[in-house]
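> what shape does this take:
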Amino acid sequence: MIGFKARAAFWFVTFMLIFLFGLCMPTPTEVKAFSIPLALAFLYATGTAGKYLKWYGGMMGPRDRAKRLVREGPYSCMRHPMHFSQSLFLVFLGLTLSWCSFIVSLILAIIIIIMAIKLDEKEAIEMFGKEYLEYSKEVPAISLKPSCLLKLFIRKRPAHLINPKATRS
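Residues are numbered from 1 along each chain as shown. This next block holds a predicted model:
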């Protein structure tokens, strides 16, 4: 499994590259007008995927692993909504800064998606076994369906967290 420190180092290097390349060829204000809101929207979507891991998977923090396979919310229609939304956040952040950082962030986003499919899938199979293999046959790694993309922005807290007396289904 990839450790927390390795993941943190990867994200640090990723952001440094994007900001470093942000120093060349700034993007026009018109481009920033739509790229900033989209970057913020996909940052929110990343948080939504994280909330579902916490609420339904039993994760308590960034160093924790899900104790249960999550199939709710955006995980009902794509296996890697967090990686997908993080990738789009990076792409729009890069576009906000400069054309050079946009190209770098696009390359990094592709690397993140490939890593998610190659490495995280392997970890998920080790953790959840047959259950994950069945899930991977039913749900694509990434989905561009509008109904699925909408789920990245809707946070529906489970009943047992809204009303502690409610029972889990």
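
> which helices and strands does the lengthiest helix in the chain pack with?
For the chain, the longest helix by residue count, based on DSSP state H, is helix 29-57. With contacts defined as 3 or more CB pairs under 8 Å, 6 or more residues apart in numbering; DSSP states H and E, helix 29-57 has these neighbours: helix 81-97. Bear in mind the C-beta positions are built from the backbone N, C-alpha and C, glycine included.

> for whichever helix or strand comes after the helix it packs on, which positions count as buried?
Past helix 81-97, further along toward the C-terminus, the next helix or strand under DSSP states H and E is helix 99-115. Using 16 or more other CB atoms under 10 Å as the test for burial, helix 99-115 gives Trp99, Cys100, Ser101, Phe102, Val104, Ser105, Leu108, Ala109, Ile112, Ile113, Met115.

> identify, from these, the entry nearest to Phe128.
Met115 (18.8 Å; CB to CB).

> check contacts around the closest one.
Contacts for Met115 (CB atoms under 8 Å, 6 or more residues apart in numbering) come out as His83.

> ok, 10 Å please
Met115 is in contact with Ile2, Arg7, Phe10, His80, His83, Glu121, counting by CB atoms under 10 Å, 6 or more residues apart in numbering.

> one step back: pipe the buried residues of helix 99-115 into a markdown table and attach distance to Phe15 and pLDDT per row.
Converted to a markdown table, these look like this (distance: CB to CB, whole Å; pLDDT from 0 to 100):
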| residue | distance to Phe15 | pLDDT |
| --- | --- | --- |
| Trp99 | 18 | 86 |
| Cys100 | 15 | 85 |
| Ser101 | 10 | 87 |
| Phe102 | 14 | 89 |
| Val104 | 11 | 89 |
| Ser105 | 10 | 91 |
| Leu108 | 10 | 88 |
| Ala109 | 13 | 91 |
| Ile112 | 12 | 85 |
| Ile113 | 17 | 89 |
| Met115 | 16 | 83 |
